[in-house]
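Peer 1: give me the fold of what follows.
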Amino acid sequence: MPLRQSTGQEGKAASQNLQDIRLFLPSDVVPDVPCSEKLTSYEFKYRIAQAHVTLRDLRERLIVRQHMFNSKKRYSHGTTAITRSNKKIELEGMRINELAGRYRSIREKLVVLSRVLGDWSWGSTLKVLEDQDIRGLTTEDRRHAVADKTAKKNKLGEGKRRLTWIWFVSVPRRTKEEKSGEGGMRVLERTQVESDNEDDGDGSCAGDKRVEDEDEEEDENDAALRIEFCTIRARAHRWQEECMLLAEEMKRIERFWAWEAKQWSEREEAYAQQALSPVVQLPPSEMQHPELVDRAREATRMLAIGKVAYARQQTVMRERLLEDSKQCLDVYGQLAVLHVFGKDLDWRVMVDCAAPLVDEAGQETASTPEVH
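Peer 2: Next up, the predicted model:
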């Protein structure tokens with residue numbers, strides 16, 4: 001009897017660790033054991049959906065951690081509050097690392113399955129997740145600027161901020177089952193914790209509260225993405241406006257140097273006419289002396305010759321600057337053409353972050369803004 005009881009307890013203990021049970025899915029046995037192509041395709045589709053959901057959860061946790069950084073900076077004062085905030089941020093970082101490891105594991109399984117099915121269409125979307133790719137939105141990077149003055153001086157500006165590829169992947173929204181607590185490991189864990197803290201009969205209230213929390217969290221994520229979209233759009237408009245101003249300034253500079261060269265050329269002609277027939281203006285008493293008149297005429301002629309040389313020098317300088325401005329205009333003239341989604345657009349129309357939609361027939365339809 002004791003032996004039977006101990007054996008039963010061992011079996012019961014072993015059955016509790018459900019996550020340790022191997023399911024021997026095609027991705028686990030394909031390299032060594034032949035598997036049905038149908039089952040392989042089923043797991044292939046499941047892994048793609050699982051990878052997208054994992055990226056969605058990873059993006060949500062990054063936004064939550066950014067909010068924690070902001071909350072710590074604004075409201076945490078004192079050793080106790082700062083320590084508590086650091087603990088929460090550290091815990092959130094562990095969750096992010098766990099999601100990153102889960103995504104990498106899923107991608108490895110996708111590679112194994114793709115070698116069997118020959119389908120690598122997902123490779124351009126579900127890329128390799130590096131450590132430097134796990135970053136938040138650019139609007140939050142500005143708030144966590146480093147305190148070192150040298151690093152602040154050497155850091156990149158607003159125009160060099162770029163989102164990592166994880167924010168450009170279209171991820172699915174949460175389903176009603178996930179919001180109500182019927183799907184997803186994270187929701188099940190929250191349900192277990194809340195059920196331990198609530199009495200019997202309050203499950204519906206706890207479930208309703210959980211659904212509200214999920215809705216609020218998703219609304220916050222959508223708001224963060226909208227803010228990021230508006231920031232990127234304003235940044236693109238600012239750069240486009242600078243390009244427009246630069247192109248207009250270069251055109252005005254060309255016209256200015258052409259006008260300056262023409263002005264000095266006309267002055268050169270006027271001074272040359274004075275050198276050919278100098279006009280002497282002397283008092284009547286000095287006009288009676290031919291020597292004084294000849295001396296004054298020669299001085300006027302030499303002065304006119306000097307003015308001609310100076311005007312010629314200034315004209316040549318303006319002409320050289322005019323040629324340089326024309327060359328620069330040829331280079332910067334390319335700013336007047338905007339290449340957006342493979343099309344040339346008018347540079348005077350402010351560009352919008354909109355991608356053309358393509359229907360099943362391959363025809364472009366109305367465009368909707370992309371929120372990255």
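
Peer 1: what helices or strands is the top helix by length along the chain leaning on?
Peer 2: When the chain is scanned for its longest helix (criterion: DSSP state H), the result is helix 203-276. Counting contacts by 3 or more CB pairs under 8 Å, 6 or more residues apart in numbering; DSSP states H and E, helix 203-276 packs against helix 37-75, helix 138-141, helix 176-180, helix 185-197, helix 290-332. No exception for glycine: its C-beta is placed from N, CA and C like everyone else's.

Peer 1: now render those helices as TSV, adding mean pLDDT.
Peer 2: TSV is the format used below for the helices and strands packed on helix 203-276 (pLDDT from 0 to 100):
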stretch	mean pLDDT
helix 37-75	91
helix 138-141	61
helix 176-180	54
helix 185-197	42
helix 290-332	87
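
Peer 1: can you list these in a markdown table and add mean neighbour count and distance to residue 107?
Peer 2: Listed next are those as a markdown table, based on neighbours: other CB atoms under 10 Å; distance: least, CB to CB, whole Å:
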| stretch | mean neighbour count | distance to residue 107 |
| --- | --- | --- |
| helix 37-75 | 17 | 6 |
| helix 138-141 | 17 | 25 |
| helix 176-180 | 14 | 22 |
| helix 185-197 | 13 | 19 |
| helix 290-332 | 14 | 43 |
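
Peer 1: so which of those gets nearest residue 230?
Peer 2: helix 138-141 (9.1 Å; CB to CB).

Peer 1: what's the span of stretch 114-131, first residue to last?
Peer 2: 24 Å (CA to CA, to the nearest Å).

Peer 1: touching it from outside, list them.
Peer 2: Defining contact as CB atoms under 8 Å, 6 or more residues apart in numbering, one finds that stretch 114-131 is touched by 26, 30, 35, 37, 40-41, 44, 48, 51-52, 55, 100, 103-104, 107, 110, 133, 165-166, 169.

Peer 1: list the contacts of residue 280.
Peer 2: 293, 296-297, 300.

Peer 1: can we see that at 10 Å?
Peer 2: Residues in contact with residue 280 (CB atoms under 10 Å, 6 or more residues apart in numbering) are 286-287, 292-301.

Peer 1: repeat for residue 277
Peer 2: Here residue 277 is in contact with 297, 300-301, 304 (criterion: CB under 10 Å, 6+ apart).

Peer 1: and of these, the nearest to residue 279?
Peer 2: residue 300 (6.9 Å).

Peer 1: measure residue 239 to residue 246 for me?
Peer 2: 10 Å (CB to CB, to the nearest Å).

Peer 1: ok, residue 240 - how many residues close by?
Peer 2: By the measure other CB atoms under 10 Å, the count of residues near residue 240 is 17.

Peer 1: doesn't residue 55 make contact with residue 171?
Peer 2: Yes - between residue 171 and residue 55 a contact is recorded at 5.5 Å, counting by CB atoms under 10 Å.

Peer 1: before we move on, the earlier item: so can I have TSV of the helices and strands packed on helix 203-276 showing distance to residue 223?
Peer 2: Shown next, in TSV, are the helices and strands packed on helix 203-276 (distance: least, CB to CB, whole Å):
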stretch	distance to residue 223
helix 37-75	10
helix 138-141	11
helix 176-180	18
helix 185-197	21
helix 290-332	39
